[in-house]
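**Q** Give the three-dimensional model of this entry:
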Amino acid sequence: MSSSISSSNPWRRFFRLIAGAAAVGAGLVYLFVVLVDPFDTLPLSPPFHRVPVASNQRFAYPALARSQRFDSAAFGTSSSRMLRPEVLNPLFGARFANLAMNDSTVYEQMQLFGVFVRAHPMPKVLTLGLDYRWCVTGPDYQRLTFRTFPAWMYQDNLWVGYREMFNLYAIQSAGQLFGIVIRVKKPDQGLDGFTSFVPPDNTYDRARAQLHLTTSVPAVPTGTRKGAPSSWEYPTMPDLRAMLTTLPAATHKVLFFVPYNRYALTPPGSDGQAVWDECRRRVVAEAARVPNTLVLDFMRPSPITLNDDNYWDYAHYRIGIADRLANDFAAAGRGEKSEDYVVLWPN
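**A** Residues are numbered from 1 along each chain as shown. Just a heads-up that it's a prediction; the model follows:
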């Protein structure tokens, strides 16, 4: 009996050694991650220069939304991501961050807006791209997508982040950022939130783009609808009202219906067109409640939407069109008219 117990002691010592080494290794990895702080959110992280590295903008943008380098912001989905702050800045005398996120829900946009406005109580300019997410009908709307949404990053108490950083995504992101810090890897995302997610413009493939466009169908917001349009529920409108009324009167607010390509525009007189028209009416009603608000409609037949060469697919336009939109925002603010857009408010 005693010899059996004695013979097991080396195994116990071995497993303890392995467990101890694993614990030390895990502790070192955790320490590395929180010191690098790849999402730039932890209260005690060392003050070295960080760049966005997370491929999921839901992790990358809270830090940008809090940054005092900016006084203005662009919100929306990927249909607003090509707006370049370097073009918007001189047009508005502002310092923009592009905080539009791929396929973001209205809930996610509102959470990010909350982070931004708490850090910037007097923003200079805010733009919001309105697409199908803002015009769904029915009693409620989709809150999250399949993409991970780190709710803790959007809270004021960032100390909770120390219990959220030991996972593969944080470790991978820390490794990427460390590679950039020691200059063995180049940054692939912009410091102002702008990162082109489409191919370089000089590689534009007209035939491939046309294939994407011709297989598109009219984009109709989802939801349930009964009765006359005036009785339909648009569940995002309270969020829009909260956003607009939270902003100071002096903030220049630009709401714009994004320029979907002609293949995605709903035919006049169709049920889909009725959904969009009623949504336009509801948005204007909210805009009319607050001063210094501009509502522009690019989602219509125009020199932009009717020219297929302006698009990669039905929702994503080329960089030159994004710059054109920025100039249109400023022109509309000066009271100028254009075939690119219709001013819905003030009318």
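**Q** Look at the residue nearest the centre of the chain and report its pLDDT.
**A** Of all residues in the chain, the one closest to the mean position by Cα atoms, centre = their mean is Met101, 1.9 Å from it. Met101 is assigned 97 on the pLDDT scale.
**Q** In contact with it, which residues are there?
**A** For Met101, the contact set (Cβ atoms under 8 Å, 6 or more residues apart in numbering) comprises Gln57, Arg58, Tyr61, Thr77, Ser78, Arg81, Glu108, Gln109, Leu112. All C-beta atoms are positioned from the backbone trio N, CA, C, and that covers glycine.
**Q** Now do the SS call for it.
**A** coil (DSSP: H, G, I helix; E, B strand; the rest coil).
**Q** Narrow the contacts of Met101 to those in helices?
**A** Among the contacts of Met101, the ones falling in helices (DSSP state H) are Gln57, Arg58, Tyr61, Glu108, Gln109, Leu112.
**Q** Which one (most neighbours) among the residues you listed?
**A** The residue in the ones in helices among the contacts of Met101 with the most neighbours, by other Cβ atoms under 10 Å, is Tyr61 (28 neighbours).
**Q** tally of neighbours for the closest residue to that residue other than its chain neighbours?
**A** Take Tyr61 and drop its neighbours on the chain: the residue closest to it by Cβ to Cβ, 6 or more residues apart in numbering is Leu99, 5.1 Å away. For Leu99, the neighbour count with other Cβ under 10 Å is 28.
**Q** Pretty sure Leu99 sits against Leu112.
**A** Yes. With contact defined as Cβ atoms under 8 Å, Leu99 and Leu112 form a contacting pair (5.7 Å).
**Q** between these two, what contacts are shared?
**A** Tyr61, Ala65, Phe75.
**Q** Among the ones in helices among the contacts of Met101, which one sits closest to Lys253?
**A** Distance to Lys253, by Cβ to Cβ, is smallest for Gln109 among these, at 14.4 Å.
**Q** doesn't Ala74 make contact with the closest one?
**A** No. With contact defined as Cβ under 8 Å, Gln109 and Ala74 do not form a contacting pair (10.9 Å).
**Q** Return every residue with contacts to both of these two.
**A** Shared contacts of Gln109 and Ala74 (Cβ under 8 Å, 6+ apart): Leu128.
**Q** Just give the number of residues close to the residue nearest to Ser45 when sequence neighbours are not counted.
**A** Among residues not flanking Ser45 along the chain, Asp37 sits closest, at 3.4 Å (Cβ to Cβ, 6+ apart). By the measure other Cβ under 10 Å, the count of residues near Asp37 is 22.
**Q** and Asp37, what pLDDT?
**A** At Asp37, the predicted lDDT confidence score is 97.
**Q** Now the ones in helices among the contacts of Met101 in TSV, please, with extra columns for pLDDT and distance to Val87.
**A** Listed next are these as TSV, based on pLDDT from 0 to 100; distance: Cβ to Cβ, whole Å:
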residue	pLDDT	distance to Val87
Gln57	96	20
Arg58	98	25
Tyr61	98	19
Glu108	98	25
Gln109	98	22
Leu112	98	21
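**Q** any idea which of those residues is closest to Ala287?
**A** Distances from Ala287 to the ones in helices among the contacts of Met101, taken by Cβ to Cβ, are shortest for Gln109, at 16.8 Å.
**Q** Nearest residue to the closest one in space, ignoring adjacent ones along the chain?
**A** Nearest residue to Gln109 in three dimensions, chain neighbours excluded: Phe75, at 5.4 Å (Cβ to Cβ, 6+ apart).
**Q** Same question for Asp313.
**A** Among residues not flanking Asp313 along the chain, His212 sits closest, at 4.1 Å (Cβ to Cβ, 6+ apart).
**Q** residues in contact with that neighbour?
**A** Contacts for His212 (Cβ under 8 Å, 6+ apart) come out as Trp312, Asp313, Tyr314.
**Q** Can you tell me what sits against the helix or strand where Val284 lies?
**A** Here Val284, judged by DSSP states H and E, is contained in helix 271-287. Contacts to helix 271-287, defined as Cβ under 8 Å, 6+ apart, come from residues 130, 134-135, 137, 218-221, 223, 225, 229-230, 232, 234, 237, 240-241, 244, 253, 255, 257, 266-267, 293-295, 297, 299, 344-345, 347.
**Q** Of the residues you listed, just the buried ones, PyMOL syntax please.
**A** Applied in PyMOL, the following selects the buried portion of the contacts of helix 271-287 according to 16 or more other Cβ atoms under 10 Å:
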select buried, resi 130+134+135+137+218+219+220+221+223+225+229+232+234+237+240+241+244+253+255+257+266+293+294+295+297+299+344+345
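**Q** Filter the contacts of helix 271-287 down to just the ones in helices.
**A** Met237, Leu240, Arg241, Leu244.
**Q** now, which of those sits nearest Glu164?
**A** Leu240 (30.3 Å).
**Q** any idea where the strands of the stretch 101-250 of the chain begin and end?
**A** 125-130 (DSSP state E, counting those that start in this stretch).
**Q** What residues does the residue nearest to Tyr61 make contact with?
**A** Gln57, Tyr61, Leu64, Ala65, Ala73, Ala74, Phe75, Leu112, Phe116, Gly193.
**Q** same thing but 7 Å
**A** Counting by Cβ atoms under 7 Å, 6 or more residues apart in numbering, Leu99 touches Tyr61, Leu64, Ala65, Ala73, Ala74, Phe75, Leu112, Phe116, Gly193.
**Q** cool, and Pro229?
**A** Counting by Cβ under 7 Å, 6+ apart, Pro229 has contacts Ala274, Glu278.
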